[in-house]
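A.B. asks: Prediction below, plus the sequence it came from.
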Amino acid sequence: MRPSAWMTEERRSLHALAARFAAREGAPAVDRWREQQHLDRSFWTAAAEHGLLCCGVPEEDGGGGGSVLDDFVVLDAFVRSGLSPAPMQVHNVVVPHYIVRYGSVEQRRRWLPEMAAGRMIGALAMTEPDSGSDVQALRTRAVRDGDDYLLTGTKTFITNGATADLVLLAATTDPTARGRGISLFVVETADCPGFRVGRVLHKMGQHESDTAELFLDSVRVPARHRLGEEGAGFAMLMGQLPQERLLVAVTATAAIERAVELTTRYVNERCAFGKPLIAQQHVRFEIADCTTHARVARAFLDDCVGRLDAGELDDVTVSMAKMWFSDLEGMVVDRCLQLFGGYGYMDEYPISRMYTSARAQRIYGGTNEIMKEIVGRSLVDPPAATAEAR
């Protein structure tokens, strides 16, 4: 792997620490986690003890005092160790950075130290049975009742949903206003009347990541647990999307590089017709193609991370990245799996699990079709479009 400009010496040390931790505490437990469909609570607290949770949260809020790039480093190491990134993506990057950016001092002090210590696991609840990419169409209601809100609705496909202690939830406080009527609330799930976890959904891949349905029946949430102003939720969601969508690029690049590494090793060791697979020209060409794709992906990722760090990552660029990286991950892993032959189809082989895990990347974080629409709209010439409309 070519060194990235943003991978400082300190981050290389963090990466090495995360890799050792994942190999020791995570990899041996993956099969059991896949059976129970969630990570052990002890894994979260152990990760916290090693300084691997909420690295990008300020020290005064109980975090590591770094930036979101440090959280990216941890995710990269975990993916390379064969762990599903989804639980950590949500807990380490998505939820805490909403609270850092939009929370009051009281809110930050209440929740962030608990998340950084692994005592409260975070989840983000936006998706509903009838609204996925169309966030403005959500139906979960939040009705003001004195100093509280009463939340009623259903959420689905919620990562960490069954194990979360803290759910950052989007609800409409004004159904007539669509986007301008959405607000964000933090729901503490312990001893919470009306809050219920439904099914833990059985997915194609990423089985160690719990993905659940959530039901809310007049759940009483204090108004002080609303994040930001009433009606500002949609703007907050849009403001965080570039960072969240770049997560897909980070984990996809790590998966692509891991797939190429595993496959290169395999075709050098596996023999067919009396010689290693790598001796066959077709195999060499396939590996050459995939290695080239990995190199290009790393360069594109480094550019995007640099833009994010400088506060210059725009919606169009990150939409290109989310779409392209997730498509590329699926393609490269598929071609690598083919070189494993029948073994590649066996669930016990990492490449098989990588194949099924990769498929979700094109769906969550905004489907790739939505990403193409964002990019496509940016290419329409306004005067020409107006003329055509006439």
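C.D. replies: Sure, I can see it.

A.B. asks: State the three-state secondary structure for Lys203.
C.D. replies: Here Lys203 takes the coil state, with states given by DSSP: H, G, I helix; E, B strand; the rest coil.

A.B. asks: contacting residues around it?
C.D. replies: Ser209, Thr211, Ala360 (C-beta atoms under 8 Å, 6 or more residues apart in numbering). In this view, the C-beta of every residue, glycine as well, is placed from N, C-alpha and C.

A.B. asks: partners of the helix or strand Ala123 falls within, with directions?
C.D. replies: Assigning secondary structure by DSSP states H and E places Ala123 in strand 122-125. Paired neighbours of strand 122-125 in the sheet (DSSP bridges): strand 166-172 (parallel).

A.B. asks: Pull the residues that contact the strand it pairs with.
C.D. replies: By C-beta under 8 Å, 6+ apart, the list of residues contacting strand 166-172 reads 95, 98-99, 111, 114-115, 120-126, 135, 138-142, 149, 151, 153, 155, 158, 161, 181-189, 214, 216, 227, 233, 237.

A.B. asks: Tell me the buried residues within those residues.
C.D. replies: Neighbour counting by 16 or more other C-beta atoms under 10 Å classes 95, 98-99, 111, 114-115, 120-126, 135, 138, 140-142, 149, 151, 153, 155, 158, 161, 181-189, 214, 216, 227, 233, 237 among the contacts of strand 166-172 as buried.

A.B. asks: Off-centre distance for stretch 44-56?
C.D. replies: The chain centroid and the centroid of stretch 44-56 are separated by 17 Å under C-alpha atoms, centre = their mean, to the nearest Å.

A.B. asks: Endpoints of it, how far apart?
C.D. replies: With C-alpha to C-alpha, to the nearest Å as the measure, stretch 44-56 spans 16 Å from end to end.

A.B. asks: And it, what's buried?
C.D. replies: The neighbour-count check on stretch 44-56 (16+ other C-beta under 10 Å) flags Trp44, Ala46, Ala47, Ala48, Gly51, Leu52, Leu53, Cys54, Cys55, Gly56 as buried.

A.B. asks: Distance to Val283 added to these, as TSV?
C.D. replies: As requested, the buried residues of stretch 44-56 are exported to TSV (distance: C-beta to C-beta, whole Å):
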residue	distance to Val283
Trp44	41
Ala46	40
Ala47	38
Ala48	44
Gly51	42
Leu52	37
Leu53	41
Cys54	43
Cys55	40
Gly56	41
